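J.: quick one: sequence plus predicted model below, questions after.
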Amino acid sequence: MTSYWCSTALLPTGIASGVLVTVVDGRFASVSADADPGDAVRLDGLVLPGLANCHSHAFHRALRGRTQTERGTFWTWREQMYAVAAALTPDSYYDLARAVYSEMLLAGITAVGEFHYLHHAPGGRRYDDPNAMGAALIAAARDAGIRIALLDTCYVAGGIDQPLNEVQQRFSDGDAAAWASRVSVLSGSDDVVVGAAAHSVRGVPQEQLGAVASAFPDVPLHIHLSEQVAENAACLEAYGRTPAQVLDEAGFLSGRTSAVHATHLTDVDVGLLGSSATYSCFCPTTERDLADGIGPSTALRDGGSTLTLGSDSHAVIDLFEEMRAVELNERLASQERGHWSAPELLRAATVDGHRSIGFGDAGVIEVGARADLVAVRLDSVRTAGTGGAAETAVFAASAADVRDVVVSGKHVVADGKHISLDVAGELAASIAAVTR
């Protein structure tokens, strides 16, 4: 048994002081407020449940600082992304992902949804282990100390009615049936969820979307949706329907589905996502970095679609920034304040986020839940004098204010440092290896 004493913690009932938690087998065995610390490990600051990063492309981290040097669009950025994808091997992907997942831990992220489509060797050749790249990601997450939902992604077309290009051949199994056959040999565990995804209506033809949705009916199901106006236009031209309507007709939308980005939606699209209880996973720092646009977060929420958050391309890895950006983007679009409260945004980053990637027993500090804790400094230049409530976490703090992180009871970040890795050094070396 391990015990932690939190000077201040966010419990389901609100902010509490002197919270003593005990951990048995990676879960909270007791949670008591106004308790004496005794010999428990002390966590100062504001202690939150672990954060969930629901949409990650780990290898995109190698693009930070390299794709902001010129004008362009998502489509020109994509060519630079493909150059990194072309260079990766299972070994170099393991090194890069371990460093990226460790950076996430430093930011208070205790579980990641990895939207994984880089499956094969150059030219589409299969590795001896056809899941070698996915296995590298799982090993990287375990060695970093983070839980992972490997959202294995079907990707079979280069665009609507377009063949795969040279790099995209690494992403493809040929069709949805072959994709499902490869994924079927993967297995999850207590710290690993194996989920499913279709890349987009661009990457999976209409007639194969249903097969992806039905292949693994009991796991999280994710897809990029309406990230680009050009994607919507191509879909309307080919199918006479919006991407959301195509997904609805394919049986893709449901309470286990996450629509990532959901930026350019019609009122009908919003209704489809809401009525099906599909999650809407917003990635504001990527959406603004790529000039994607601002999605209708409040309309989706009011229609019944639950918000979750991701850092996607990792232009920034900071779930505090993702949280506040949802509200601040709505302010820019509407010229009004106060669309999302701090508790609502924290719920998106914690309990709802974990549920959307298959860890439904995480994201809350209560008996029986996974014992994840994130201690945020209240004495930094960003947080000093802010009051120490939920608003401090959402509208003042940053990833740099995370002091301690506990994952399933294990102390993995202490005093702002990973317990076993030089994260900056690992990032520099692994990125240099794939960007020479």
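T.: Done, it's in. Residues are numbered from 1 along each chain as shown.
J.: which residue ranges of the stretch 101-250 of the chain form helices?
T.: Counting by DSSP state H, counting those that start in this stretch, the stretch 101-250 of the chain has these helices, from start to end: 132-144, 176-183, 206-215, 229-239, 243-249.
J.: please name every helix or strand in contact with the third one.
T.: Secondary structure elements in contact with helix 206-215, counted by 3 or more C-beta pairs under 8 Å, 6 or more residues apart in numbering; DSSP states H and E, are helix 176-183, strand 192-198, helix 243-249. Where you see a C-beta, it was placed from the backbone N, CA and C, and this is true even at glycine.
J.: ok so, going back, looking at the helices of the stretch 101-250 of the chain, which is nearest to Gly416?
T.: Minimum separation from Gly416 across the helices of the stretch 101-250 of the chain (C-beta to C-beta) falls at helix 132-144, 16.0 Å.
J.: isn't there a helix covering Arg403?
T.: No: per DSSP: H, G, I helix; E, B strand; the rest coil, Arg403 lies outside any helix segment and is strand.
J.: and the gap between it and Ala397?
T.: 11 Å (C-beta to C-beta, to the nearest Å).
J.: who has more neighbours, those two?
T.: Set Arg403 next to Ala397 and count neighbours by other C-beta atoms under 10 Å: Ala397 wins out with 27 against 23.
J.: now do the shared contacts for Arg403 and Ala397.
T.: Val376, Arg377 (C-beta atoms under 8 Å, 6 or more residues apart in numbering).
J.: can you list the weak-confidence ranges in the protein?
T.: Applying pLDDT under 70 to the chain flags residues 74-75.
J.: how about residues contacting stretch 336-354?
T.: So stretch 336-354 is contacted by 10, 48-54, 111, 279, 297-298, 306-309, 319, 322-324, 326-327, 330-331, 360-364, 389-391, 393-395 (C-beta under 8 Å, 6+ apart).
J.: for the nearest residue to Ser276 once chain neighbours are set aside, what are its contacts?
T.: In this structure, Ser276 finds its nearest non-sequential neighbour in Leu253, 3.9 Å apart by C-beta to C-beta, 6 or more residues apart in numbering. By C-beta under 8 Å, 6+ apart, the contact set of Leu253 is Ala244, Leu247, Ala259, Leu272, Leu273, Ser276, Thr278.
J.: just the ones in strands from those residues, please.
T.: In strands, defined here by DSSP state E, the members of these are Ala259.
J.: dump the residue contacts of Leu272.
T.: So Leu272 contacts Ala244, Gln245, Leu247, Asp248, Leu253, Thr278 (C-beta under 8 Å, 6+ apart).
J.: need the max-distance pair from the residues you listed.
T.: Counting by C-beta to C-beta, the most remote pair of the contacts of Leu272 is Gln245 and Thr278, 13.0 Å apart.
J.: more neighbours: which of the two?
T.: Thr278 (29 against 19).
J.: TSV for the helices of the stretch 101-250 of the chain, including distance to Ser17?
T.: Shown next, in TSV, are the helices of the stretch 101-250 of the chain (distance: least, C-beta to C-beta, whole Å):
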stretch	distance to Ser17
helix 132-144	32
helix 176-183	47
helix 206-215	47
helix 229-239	49
helix 243-249	45
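J.: out of those helices, flag the one nearest Ala35.
T.: It's helix 132-144; of the helices of the stretch 101-250 of the chain, that one is closest to Ala35 (C-beta to C-beta) at 31.4 Å.
J.: who are the packing partners of the closest one?
T.: helix 90-106, strand 109-116, strand 147-154, strand 192-198.
J.: please produce CSV containing those, extended by mean neighbour count and distance to Asp36.
T.: CSV is the format used below for those (neighbours: other C-beta atoms under 10 Å; distance: least, C-beta to C-beta, whole Å):
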stretch, mean neighbour count, distance to Asp36
helix 90-106, 24, 29
strand 109-116, 28, 27
strand 147-154, 28, 31
strand 192-198, 24, 37
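J.: including distance to Ser172, could those go into a markdown table?
T.: Below are the helices and strands packed on helix 132-144 laid out as a markdown table (distance: least, C-beta to C-beta, whole Å):
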| stretch | distance to Ser172 |
| --- | --- |
| helix 90-106 | 17 |
| strand 109-116 | 13 |
| strand 147-154 | 9 |
| strand 192-198 | 12 |
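J.: if I read this right, His314 contacts Phe59, doesn't it?
T.: No: if you go by C-beta atoms under 8 Å, His314 and Phe59 don't touch, sitting 9.2 Å apart.
J.: burial count for the nearest residue to Val406 once chain neighbours are set aside?
T.: Using C-beta to C-beta, 6+ apart and skipping residues adjacent in sequence, the residue nearest Val406 is Leu373, 4.1 Å away. Neighbour count for Leu373, taken as other C-beta under 10 Å: 26.
J.: state the distance from the closest residue to Val394 other than its chain neighbours to Phe282.
T.: Spatial nearest neighbour of Val394, chain neighbours left out: Ala342 (4.1 Å); criterion: C-beta to C-beta, 6+ apart. Distance, Ala342 to Phe282, using C-beta to C-beta: 16 Å.
J.: please apply the same query to Leu332.
T.: 14 Å.
J.: SS state for Val394?
T.: Val394 is classified as helix under three-state DSSP.
J.: contacting residues around it?
T.: Phe320, Met323, Arg324, Glu327, Ala342, Leu345, Leu346.
J.: try 6 Å this time
T.: With contact set as C-beta atoms under 6 Å, 6 or more residues apart in numbering, Val394 has these partners: Met323, Arg324, Ala342, Leu345.
J.: run a quick neighbour tally on the second one.
T.: Applying the criterion other C-beta under 10 Å, we find 22 residues in the vicinity of Arg324.
J.: ok, residues contacting stretch 370-383?
T.: 23, 26-28, 43, 45-50, 108, 110, 361-362, 388, 392-393, 396-398, 401, 403-409.
J.: so what's the closest residue to Ala86 other than its chain neighbours up against?
T.: Nearest residue to Ala86, sequence neighbours excluded (C-beta to C-beta, 6+ apart): Val167, at 5.1 Å. Val167 is in contact with Tyr82, Ala85, Ala86, counting by C-beta under 6 Å, 6+ apart.
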